[in-house]
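# compute the structure for the input listed below.
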Amino acid sequence: MRQTPLVALLGLIFAVHVVVACVSRDGAIRDDAESYVLIARNLAAGHGFAFHPASPPTSWRAPGYPLLLAAVFALTGGSLLAARLVHALLWTLAALAAYRLARALALDRGRPQNAWAVAAVTGLYPEFVGMTGLLWSENLTISLLLVALLAVVTAVRQRRSLAGALGAGLLVGLAALTRSTVLALLLAILALGWLGRPDRRCRWLAAAAVLAAGATVGLWTGRNLRVHGVPILVESNLGYNLYVGNCPDTPVPFAWQRARRLPADARYQRLIAGRSEAERYRALTQAALAEIRRDPLAALRRAAGKTFDFWLPDFFLARNARVGALGGAVRRIWPAILAMTVATSLLAMGAALVRAWQTRAEWQTQWIVLAVGLYMLPHLATYGASRYRLPVMPLLLLLAAPLLAEWWERGVRRPRRKPATRPAAAIRFPRSHACS
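Sure thing, here's the model as predicted:
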């Protein structure tokens, strides 16, 4: 009986995401989603990790999400609706993993309603609900990352076996193979062995998890070296991202808007013209690093602007709704989607900040803040578009949800007091009617 509310909540979360998947079934495939789908269809047809059958193998995208799409396409004949329904399952899994992670970190304070709040806020967070309709890698990255962090916390903090720590590291590595910046969290995982005064065994288990994660990513890096002759770490778009984020005329803030001027950028065109993917990766990376070395103070100023970009309330979902990526049925309501996502993201981040300050002396809070900060670092070197913060939003929701539940209990669920009434005047009977 104790699990009945959780099962009902997960059922509700799944149903909401299924509705979004069905409404978005005719959504346009745009931007990054187009490359994911192209690679996945090529994989499903047995032509390898490339954009088209005649194209050379690519490393432009991390392999995790295209491989998932390819498996779905192979089983369903290329159904995009089936892929979106798989997203609904992934977000339900993410909500369950967030619930278990809140319990493992003791963030629920022994109150079941706090852990349920974590699951509810994660599964029904508007930006995550909207992601179900979009064929972007965040759908897999966030759910896999939450499962991986749960496995790591369980293995390290509960001093499980070495095999458990290695398995947890494998999951972290798989999460990094859906987005390379997850690798920044390896230092946070290593720090988990020192926070909260654990013993030496915790530290060895944390180190084992980090090594297993690195080895998992190393397998794909070895594949990239064989294919391209260059040791590309996970995905080759790193060179592009570095170049966009470190041009002398990159705007601060809104650094990501620099990409719009690339067709007219003579230097960029010269660096990519007639070159292979690996050569473009190397040339763009070297150009970006040379600019950082030439004017490090300007690079620091740009990093400050990227911090603003990173935490900017997310316009990503509304923009995709406006261009039809969430289906024609919701195209006209993109202003409402924008208002809802901005309001909820500000509320979630504000509640997380309040909770982090209230519990700043606790190791759990220190670890979450460290993980979020480390995840930000690669984006300060590249460019910090607001969509990039989505994988760390679940960590902030872990902090925010118990406080939101507390606010709910104090405010919305507080029983209303009845208006005070004067006591009724005593009834006086005539003496003749008085009892004798």
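
# Ala207 versus Ala213, what's the distance?
Noted for Ala213: a distance of 11 Å to Ala207, by CB to CB, to the nearest Å. (Each C-beta comes from the backbone N, C-alpha and C, glycine too.)

# next one: Thr132
In this structure, Thr132 and Ala207 are 37 Å apart, going by CB to CB.

# now Asp249: closest residue in space that isn't a chain neighbour?
Nearest non-adjacent residue to Asp249, counting by CB to CB, 6 or more residues apart in numbering: Arg258, 7.3 Å away.

# so for Ala213 and Ala207, which sits in the more crowded spot?
Between Ala213 and Ala207, counting by other CB atoms under 10 Å, Ala213 is the more crowded of the two (28 against 16).

# surely the more buried one is in contact with Ala184?
No: in terms of CB atoms under 8 Å, Ala213 does not count as a neighbour of Ala184; the distance is 11.6 Å.

# mutual contacts of those two, please.
When contacts are counted by CB atoms under 8 Å, 6 or more residues apart in numbering, the set common to Ala213 and Ala184 is empty.

# just give me the longest helix of the chain.
When every helix of the chain is counted residue by residue (DSSP state H), the longest turns out to be helix 200-228.

# residues contacting the helix or strand just after that one, please?
Tracing the chain past helix 200-228, the next element assigned as helix or strand by DSSP states H and E is helix 238-245. By CB under 8 Å, 6+ apart, the residues outside helix 238-245 that reach it are 180, 232, 250, 255-256, 258-259, 262, 268, 271, 280-285, 287-289, 302, 306, 381-384.

# what sits up against the helix or strand hosting Pro394?
Secondary-structure assignment from DSSP H and E places Pro394 in helix 393-410. Residues outside helix 393-410 that contact it (CB under 8 Å, 6+ apart) are 94, 98, 101-102, 105, 107-109, 111, 113-114, 116-118, 120-122, 125, 127-128, 142, 145-146, 345, 347-349, 351-352, 354-356, 358-359, 365, 368, 371-372.

# which one is Thr154 nearest to, not counting chain neighbours?
Sequence neighbours aside, Ala104 is the residue nearest to Thr154 in space, at 5.8 Å (criterion: CB to CB, 6+ apart).

# the one you found against Arg157, yeah?
Yes: taking CB under 8 Å as the contact criterion, Ala104 and Arg157 are neighbours in contact, 7.0 Å apart.

# and Leu135, helix, strand or coil?
With DSSP: H, G, I helix; E, B strand; the rest coil as the basis, the three-state label of Leu135 is coil.

# pretty sure it contacts Ile29?
Yes: the criterion here is CB under 8 Å, and Leu135 meets it with Ile29 at 6.4 Å.

# now do the shared contacts for those two.
With contacts taken as CB under 8 Å, 6+ apart, Leu135 and Ile29 have 37, 80 as neighbours in common.

# the two: which has the busier surroundings?
When neighbours are counted by other CB under 10 Å, Leu135 comes out ahead of the other of Leu135 and Ile29, with 23 against 15.

# that one and Phe49, how far apart?
If you measure Leu135 against Phe49 using CB to CB, the figure is 17 Å.

# again, but for Trp136
18 Å.

# and Ala215, how many residues sit next to it?
Other residues within reach of Ala215 by the criterion other CB under 10 Å amount to 13.

# how about the contacts made by it?
Under the criterion of CB under 8 Å, 6+ apart, the neighbours of Ala215 are 169, 173.

# picking that back up, neighbours around the residue nearest to Asp249, how many?
20.

# kindly report the same for Pro198.
Residues near Pro198, counting by other CB under 10 Å, number 17.

# any idea how far Trp194 is from the nearest residue to it once chain neighbours are set aside?
Taking CB to CB, 6+ apart, and ignoring the residues beside it in sequence, Pro198 has Arg157 as its nearest neighbour in space, at 7.0 Å. As defined by CB to CB, Arg157 lies at a distance of 12 Å from Trp194.

# looking at these two, which one has more neighbours?
Taking Arg157 and Trp194 together and counting by other CB under 10 Å, Arg157 has the greater number of neighbours (21 against 13).

# Gly46 is in what secondary structure piece?
For Gly46, no secondary-structure element claims it when assigned by DSSP H and E, so it is in no helix or strand.

# low-confidence ranges in the stretch 51-200 of the chain?
The model of the stretch 51-200 of the chain has no residue with pLDDT under 70.

# if we can go back for a sec, how many neighbours does the residue nearest to Thr154 have?
Residues contacting Ala104 under the criterion other CB under 10 Å number 19.
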